[in-house]
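Q: Attaching a predicted model along with its sequence, questions to come.
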Amino acid sequence: GENVEQHPSTLSVQEGDSAVIKCTYSDSASNYFPWYKQELGKGPQLIIDIRSNVGEKKDQRIAVTLNKTAKHFSLHITETQPEDSAVYFCAASKGDGSSNTGKLIFGQGTTLQVKP
Amino acid sequence: DTEVTQTPKHLVMGMTNKKSLKCEQHMGHRAMYWYKQKAKKPPELMFVYSYEKLSINESVPSRFSPECPNSSLLNLHLHALQPEDSALYLCASSQDRGYYRVGELFFGEGSRLTVL
């Protein structure tokens, strides 16, 4: 089955610096790659996603890149702010052919700390 | 504020108790999910309902019993739980995106369960 590896497990940056989190997936049939941010005491919230027909997507300070050949995708946060501090999860999924409820396989998470 | 509402936010129960977790969404989503999340770990899929029918059961023990009374509600009935079942239980929903396309998951804030 699908396996998603995420690195690093913890990341500490100074405010204003950039942060990069990387994930690799094993199933070449995966076609949907979301990133979730989870703040303490809250549920995960989607921050950006990308589908396999796109190589890069950007939304203000957040960008995601996808390399289908290498089967890896990355989250880039520029001009980090203290409120970016949270746990970030990457995930991968594919349509299961019978419904739209394809399973999301999550990476292990990255704890990002942005120091003021 | 999340558009997926979970109650209760906290629950403490003994191993012989019967309790239920509830989830509600009014976004018109036709897929609803239960996830279990242990501390510092990613969410683990338990059940998926698609159009009010159980479509995925990830070999969850029978002491967890899901129910989808209608397209807006999802319950998780708990009976004879073990201390290792203590975790954050997350409900999520997603919109029908069509064949082979997984939609964005909207998570609730979760119900933190402690089994004594």
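A: Sure, I can see it.

Q: which residues does the residue nearest to residue B:24 when sequence neighbours are not counted contact?
A: Leaving aside its chain neighbours, residue B:24 sits nearest to residue B:5 (4.9 Å; criterion: Cβ to Cβ, 6 or more residues apart in numbering or on different chains). Any C-beta I mention is one placed from the backbone N, CA and C, and that applies to glycine too. Residue B:5 is in contact with B:23, B:24, B:25, B:108, counting by Cβ atoms under 8 Å, 6 or more residues apart in numbering or on different chains.

Q: quick one: which of those residues is nearest chain A?
A: Proximity of these to chain A (Cβ to the nearest Cβ) peaks at residue B:108, which lies at 5.3 Å.

Q: The closest one and residue B:67, how far apart?
A: 16 Å (Cβ to Cβ, to the nearest Å).

Q: okay, those two: which has more neighbours?
A: It is residue B:108, of residue B:108 and residue B:67, that has more neighbours when counted by other Cβ atoms under 10 Å in any protein chain shown, with 25 against 14.

Q: hang on, isn't the more buried one packed against residue A:43?
A: Yes. Under the criterion of Cβ atoms under 8 Å, residue B:108 makes contact with residue A:43 at 5.3 Å.

Q: picking that back up, keep only those of the contacts of residue B:5 that are in strands.
A: Counting by DSSP state E, the part of the contacts of residue B:5 found in strands is B:23, B:24, B:25.

Q: Pairing partners for the lowest-mean-pLDDT helix or strand in chain B, with directions?
A: Between all helices and strands in chain B, the lowest mean by mean pLDDT, DSSP states H and E belongs to strand B:53-57, at a mean of 86. Here strand B:53-57 is paired, per DSSP bridges, with strand B:44-50 (antiparallel).

Q: Show the average pLDDT along the strand it pairs with.
A: For strand B:44-50, the mean per-residue pLDDT is 91.

Q: which residues sit against that strand?
A: A:99-101, A:103-104, B:30-38, B:54-58, B:60, B:64, B:66, B:68, B:74, B:76.

Q: please redo it, this time with the cut-off set to 6 Å
A: A:99, A:101, A:103, B:31-36, B:55-58, B:60, B:66, B:68 (Cβ atoms under 6 Å, 6 or more residues apart in numbering or on different chains).

Q: Run through the residues that contact residue B:60.
A: residue B:46.

Q: before we move on, back to that, and of the contacts of residue B:5, the nearest to residue A:67?
A: The closest of these to residue A:67 turns out to be residue B:108 (Cβ to Cβ; 33.0 Å).
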